[in-house]
Structures are given as C-alpha cells and as structure tokens.
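Visitor: Got a predicted model here, sequence first, then my questions.
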Amino acid sequence: MLSILYFASLRERVGLASEMIALPATATVGGLIEVLRARGGVWIDALAANKPWRVAVNQDMAALDTPLNAGDEVAIFPPVTGG
Amino acid sequence: MLAMKWRFSRRLPAASGGLKQQNMPNIRVQTEDFNLAEELHALRGENAPHTFGAITLNPSIGAVVSFIGLVRDMNDGAGVSALTLEHYPAMTEKALAQIVADAESRWRLLDCTVIHRVGELKPTDQVVLVMVASAHRGDAFLACEFIMDFLKTKAPFWKKERTLEGERWVDARASDDAAAKKWQSGV
C-alpha cells in the first residue's frame, strides 16, 4: 500500500486530505498519477498534464519516473508559496 | 550529509586548534511569533547554541545578516485581511535543512537560524526569519538571499489569503522561480 497526501488547493479540489492506495502495476509516480486520473471528474482536471502539480516521495521532491515501493508516502501538491 | 557533519562537529572540543566549530542550524516551524533580538543573541551564543540567555558570545562571528518576511495588506490588487499558512509537517524541516546544507556547502557560515510561522496571520505579522552568521559580510549576505530564494520555491508551505472577495490560494510567482534559478549559473 501507498500512503497518499494532498495539500492546499489540490486537497480542496479533490476533497481529500489523505488515503491509502494499492501499489500501481506501473510502480512509479507517473503510474500512480494515471491510476488517480482514471477516477475521472475532478481528478482529471486537478492532475492535468498542463497543471503545475508537484509530487514528493518520502518527503523528497520526485519526478514522473521516480519508482514507488510499498509503504512509501507520496504527497501531491501545488507549487509552494511560503516565505 | 551536512546535517551529519554538523552533529559530528558539535561533539568535538570547542577549541580545536583555534578553529571555530560550526553550530547546528536552528530550524523551526511554529505558530508563535519570534523576537529578533532574542534570536540574534541565541545565534551569537558560543557555549550554549540557541539557548536564550547564553552569556558567552562567539568571537569568530564578524557578520550577521537577517531577513524578515512580513504579511502585507495588499496582494495582486486586493486588500488582504488575513493569511493562513499551511505546510507539510513531515517534509518542511527536512526541506529547510537541505536548503541550509546547500548554503553551507557554498559559503563559509558559522551558524544559521530559519524560523517559519504557520497558521493564521494578519497584515504586519512576521512570517519568516532567516539569519546567517559568518566571519565576513559577503558570505552572510549571499547565503541569506540564497536560503530565502530556495525557501520560496522548495519548502512545502502554501498561503491562502482572505480578501473582501473571499478566500483564495496564492499562486506561485515566476519571479520567485527566476530568483532561485539565478544561483545555478553561479553568482
């Protein structure tokens, strides 16, 4: 299983702060995003390729080809705006 | 990597051949406000790093540069009455520690404090403090700006503003990305 976290505007858009998901067949960040988009509706829009969402795996910034392993914590969020 | 070096150097005797040991950076995410004078005193403390009221000051420090970010009452043409800062707790301090470690690998720094507030803030409130100590001003000036530029683009904080028209998430600025990118070409 993967632990998925959503933050800020993305959390509000999908209406979910966290969930557990089975490790996708394609065990990469890109594979996970495809599984989420397949839910349709707001998921397609929130995770559209032209939207500037970011992904961190185990608290480090990740890319679409970053591999995923069971037990990983994956966070999906908009570009940061602190400071 | 560098965090390990800091931990290691801290265990060494204070006076090893006259070389000043580096202190652990003081990185905090908190809802409470911070006091610049107290933080400066803690940063300069030699024997009890980051303990308020330290009597002995580190005489190797010749320069301290600090940056304080404040909540403004206006953004993108609308009046702002409140600001809520959300963050990703498990990642925030890790990301800040990495940014400070990167600064440490580029300049000769003696100590560093980074404090970022979260929760609900209002105009005029302090949001962020970056304070860097070094032997000479050049390293401190550059490292302070570097840490802020990367904090703005890499640390997982998000701002939501309350305006007369309602609440809105603050968009990331291209100018912030450009500010962080300029360090890649070397300054």
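Guide: Yes, it's here.

Visitor: What residues does chain A have near chain B?
Guide: Residues of chain A lying near chain B by Cβ under 8 Å from any Cβ of the partner chain: A:5, A:7-9, A:52, A:56, A:59-61, A:73, A:75, A:77-83. Where you see a C-beta, it was placed from the backbone N, CA and C, and this is true even at glycine.

Visitor: let's see it at 10 Å
Guide: A:5, A:7-13, A:52, A:54, A:56, A:58-61, A:73, A:75, A:77-83 (Cβ under 10 Å from any Cβ of the partner chain).

Visitor: out of those residues, which are buried?
Guide: Buried subset of those (neighbour count, 16 or more other Cβ atoms under 10 Å in any protein chain shown): A:5, A:7-11, A:13, A:54, A:56, A:58-59, A:73, A:75, A:77-83.

Visitor: Now go through these and say which are in helices.
Guide: Counting by DSSP state H, those place A:8, A:9, A:10, A:11, A:13 in helices.

Visitor: Leaving out chain neighbours, which residue sits closest to the residue of chain B found nearest chain A?
Guide: For chain B and chain A, the shortest gap (Cβ to the nearest Cβ) falls at residue B:157, measuring 2.6 Å. Nearest residue to residue B:157, sequence neighbours excluded (Cβ to Cβ, 6 or more residues apart in numbering or on different chains): residue A:82, at 2.6 Å.

Visitor: my read: that neighbour touches residue B:149, true?
Guide: No - using Cβ atoms under 10 Å, residue A:82 makes no contact with residue B:149, being 11.9 Å away.

Visitor: overlap in contacts of those two?
Guide: Jointly contacting residue A:82 and residue B:149 under the rule Cβ atoms under 10 Å, 6 or more residues apart in numbering or on different chains are residue B:176.

Visitor: give me phi/psi at the closest residue to residue B:108 other than its chain neighbours?
Guide: Of all residues not flanking residue B:108 in the chain, residue B:139 sits nearest, at 5.2 Å (Cβ to Cβ, 6+ apart). When read as degrees, to the nearest 10, the backbone of residue B:139 gives phi -60, psi -40.

Visitor: How about residue B:110?
Guide: Residue B:110 adopts backbone torsions of phi -100, psi -30, taken as degrees, to the nearest 10.

Visitor: Now for it, how many residues are close by?
Guide: Close neighbours of residue B:110, defined as other Cβ atoms under 10 Å in any protein chain shown, add up to 23.

Visitor: how far away is it from residue B:29?
Guide: Distance from residue B:110 to residue B:29, counting by Cβ to Cβ, to the nearest Å: 23 Å.

Visitor: residue contacts, residue 72?
Guide: If you meant another chain, say so; for now it's chain A. The contact partners of residue A:72, taken as Cβ under 10 Å, 6+ apart, are A:1, A:2, A:3, A:4, A:23, A:27, A:29, A:32, A:57, A:58, A:62, A:66.

Visitor: looking at chain B here, not the other one
Guide: B:79, B:80, B:83, B:123, B:124, B:127.

Visitor: what about whichever helix or strand the third one is part of, average pLDDT?
Guide: Secondary structure here is read from DSSP states H and E; on that basis residue B:83 sits in strand B:78-87. Averaged across strand B:78-87, pLDDT comes to 94.

Visitor: ok, then the element right after it?
Guide: Going down the chain from strand B:78-87, the next helix or strand is helix B:89-106, by DSSP H and E.

Visitor: between that next one and strand B:78-87, how many degrees?
Guide: Relative orientation of helix B:89-106 and strand B:78-87, computed by axes from the mean of the first three to the mean of the last three Cα atoms, to 10 degrees: 90 degrees.

Visitor: Would you mind identifying the next helix or strand past helix B:89-106?
Guide: Per DSSP H and E, the first helix or strand lying C-terminal to helix B:89-106 is strand B:111-117.
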